[in-house]
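> After the sequence you'll find the predicted model.
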Amino acid sequence: MAVTSRRAHPLPVRLTHWINAFAMTCMIMSGWGIYNASPFFGFVFPQWATLGGWLGGNIAWHLAAMWLLVGNGLLYLAYAIISGHLRRRMLPVGPLWRDIRAALTFRLKHEGHGYNAVQRALYLGVLLLGVLMVASGLALWKPVQLAWLADLLGGYEIARRVHFIGMAGIAAFVVLHLALVLLFPRTLAGIITGGPRLAVEKETRP
């Protein structure tokens, strides 16, 4: 085994992180505008929190951000799988209950270059939510062509609610993510500069 080193947050991870942050913000805000046009809960979002100005503009922003988010997500997954980043940083999740108890008592450690079990579970969870959002979003975008997908989700109206709940889950993740940055400000520098260099074992052929 040869030992090499790499940044805690490689350049492809940093680029896709910030593109993802921009695209997700656009999608959430434009999605709130679309929801306001036909709300199914007893509230609407304030106009200043929406993106697009009117329904047509909301939809245009939402679709544009969707392609950016999906393309960026596929690039991230491809890199994370091929480079081993996903395996090294996300798997296995680890002692989740222990870290949850530590988090609830404000004793959860964060080293700045490694993920604890709570973070790993959250990141994997938001990836699964992303898959659900894409599936429900496609069912809403093409309800005739993809009628089978809408039916699989329980119908068009149920798909709207599934999409909304998925958005709420991702928004909650963003809030937790920002809270972590506030608690550990040095993590922000890491995702900008790449953080410290870490030793990595690399297999060598005889």
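Everything's here; your move.

> What segments of the chain are helices?
Counting by DSSP state H, residue ranges of the helices within the chain are 11-37, 55-83, 85-90, 96-104, 117-141, 147-152, 156-183, 186-193.

> Mind checking those helices for the one nearest to Trp48?
helix 11-37 (9.7 Å; Cβ to Cβ). C-beta here means a position set from N, CA and C on the backbone, and glycine is covered the same way.

> What residues of the closest one count as buried?
13-14, 16, 19-20, 23-24, 26-36 (16 or more other Cβ atoms under 10 Å).

> who does it touch, helix- and strand-wise?
helix 55-83, helix 156-183, helix 186-193 (3 or more Cβ pairs under 8 Å, 6 or more residues apart in numbering; DSSP states H and E).

> For those, which has the smallest mean pLDDT value?
Of all the helices and strands packed on helix 11-37, helix 186-193 carries the lowest average pLDDT, namely a mean of 70.

> quick one on the thing from earlier: could I get the helices and strands packed on helix 11-37 in a markdown table, plus columns for distance to Trp141 and mean neighbour count?
As requested, these are arranged in a markdown table below (distance: least, Cβ to Cβ, whole Å; neighbours: other Cβ atoms under 10 Å):
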| stretch | distance to Trp141 | mean neighbour count |
| --- | --- | --- |
| helix 55-83 | 8 | 16 |
| helix 156-183 | 10 | 15 |
| helix 186-193 | 31 | 14 |
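
> I'd like to know which of those lies nearest to Ala150.
The nearest among the helices and strands packed on helix 11-37, by Cβ to Cβ, is helix 156-183 at 5.3 Å.

> Next, the contact list for the closest residue in space to Phe173 that isn't next to it in sequence, please.
Leaving aside its chain neighbours, Phe173 sits nearest to Val126 (4.7 Å; criterion: Cβ to Cβ, 6 or more residues apart in numbering). Contact analysis of Val126 by Cβ atoms under 8 Å, 6 or more residues apart in numbering lists 169-170, 173.

> Likewise for Ala168?
By Cβ under 8 Å, 6+ apart, Ala168 has no neighbours at all.
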